[in-house]
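**Q** This is a predicted model, with the sequence first.
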Amino acid sequence: EAGVAQSPRYKIIEKRQSVAFWCNPISGHATLYWYQQILGQGPKLLIQFQNNGVVDDSQLPKDRFSAERLKGVDSTLKIQPAKLEDSAVYLCASSFDRVAYEQYFGPGTRLTVT
Amino acid sequence: QKEVEQDPGPLSVPEGAIVSLNCTYSNSAFQYFMWYRQYSRKGPELLMYTYSSGNKEDGRFTAQVDKSSKYISLFIRDSQPSDSATYLCAPGAGGGSNYKLTFGKGTLLTVNP
């Protein structure tokens, strides 16, 4: 079974630029999560989708971050404009409805904002 | 008080040692207690988990939860250099198809050959 796919793996941008990350969850997983992991910290949930709908986006800085999940499969997370403090690893995870507590993570996208 | 507290370490042990990794939590609603392993520059990998209180064993790994004291433990027996990684505890709460995990900061473990 293929795991969660993410791209790009690394991205370096200047502050005030925009950036987008892509995620393809495990086949059949209805729930998709985006997490932010700052160096030395545990992952922090940014947004949770179930199929096409947003379940929780309470921790998403909506003035600069946006996310969508078209057709209930792939998802894109965008930052516009980026700030220095956005430097982090952005992790995508997915889970199957019947065992929703089992979240499986992708390799992450390491973002550096200069 | 943070919802999940985890000693960040680092923890360095010789090969073959028994390792104890611990977390405390404050939210009584947590039902599932997950442990993830994260190698450098990789995503977290689900290692094992327990439901409610009790122990669960998987090979060299044992996960333990004491809900009365809100204490979560992961024991690694006969530790190997390949166990060197950051270990994240992540208790979860929710229901149906909607669970949320709250991650600790992670403990960096190095097992020396």
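**A** Done, it's in.
**Q** what helix or strand is the residue of chain B found nearest chain A on?
**A** Closest contact between chain B and chain A, by Cβ to the nearest Cβ, is at residue B:103 (3.1 Å). Using the backbone N, CA and C atoms, a C-beta is placed for each residue, glycine as well. Assigned by DSSP states H and E, residue B:103 falls within no helix or strand.
**Q** Where do the helices of chain A begin and end?
**A** Counting by DSSP state H, chain A has no helices at all.
**Q** quick one: the worst-scoring helix or strand of it on mean pLDDT to chain centroid distance?
**A** The weakest-scoring helix or strand in chain A, judged by mean pLDDT, DSSP states H and E, is strand A:53-56 (a mean of 93). Offset of strand A:53-56 from its chain centre (Cα atoms, centre = their mean, to the nearest Å): 13 Å.
**Q** check contacts around the spatially most central residue of chain A.
**A** Nearest residue to the geometric centre of chain A (Cα atoms, centre = their mean): residue A:34, 2.9 Å. Contacts for residue A:34 (Cβ atoms under 8 Å, 6 or more residues apart in numbering or on different chains) come out as A:23, A:45, A:46, A:47, A:48, A:67, A:75, A:77, A:90, A:91, A:92.
**Q** Kindly recompute the last result at 7 Å.
**A** Residue A:34 sits next to A:46, A:47, A:67, A:77, A:90, A:92 when contact means Cβ atoms under 7 Å, 6 or more residues apart in numbering or on different chains.
**Q** before we move on, what about residue B:16?
**A** By Cβ under 7 Å, 6+ apart, the neighbours of residue B:16 are B:78, B:79.
**Q** please redo it, this time with the cut-off set to 6 Å
**A** Counting by Cβ atoms under 6 Å, 6 or more residues apart in numbering or on different chains, residue B:16 touches residue B:78.
**Q** just residue A:25 next, same as before
**A** A:4, A:32, A:94.
**Q** Chain neighbours aside, what residue packs nearest to residue 103?
**A** Let's take chain A. With sequence-adjacent residues excluded and distances taken as Cβ to Cβ, 6 or more residues apart in numbering or on different chains, residue A:103 is closest to residue A:93, at 4.4 Å.
**Q** Can you look at chain B instead?
**A** Among residues not flanking residue B:103 along the chain, residue A:42 sits closest, at 3.1 Å (Cβ to Cβ, 6+ apart).
**Q** before we move on, back to that, what's opposite the residue nearest to residue A:103 in the beta bridge?
**A** Note on residue A:93: beta-bridge partners by DSSP bridges are residue A:33, residue A:105.
**Q** about what we covered before: by neighbours, which of the contacts of residue A:25 wins?
**A** Within the contacts of residue A:25, most neighbours by other Cβ atoms under 10 Å in any protein chain shown means residue A:32, with 27 neighbours.
**Q** Quickly note the distance from that residue to chain B.
**A** 12 Å (Cβ to the nearest Cβ, to the nearest Å).
**Q** neighbours of residue B:113, just the number please.
**A** Neighbourhood size, residue B:113 [other Cβ under 10 Å]: 8.
**Q** so it sits right up against residue B:83, yeah?
**A** No. Contact criterion Cβ atoms under 6 Å: residue B:113 and residue B:83 do not qualify, at 11.5 Å.
**Q** pLDDT weak spots in chain A?
**A** Low-confidence regions of chain A, defined by pLDDT under 70, span residues A:1.
**Q** which parts of chain B sit against chain A?
**A** The interface of chain B toward chain A, taken as Cβ under 6 Å from any Cβ of the partner chain, is made up of B:32, B:43, B:44, B:88, B:92, B:97, B:99, B:103, B:104, B:105, B:106.
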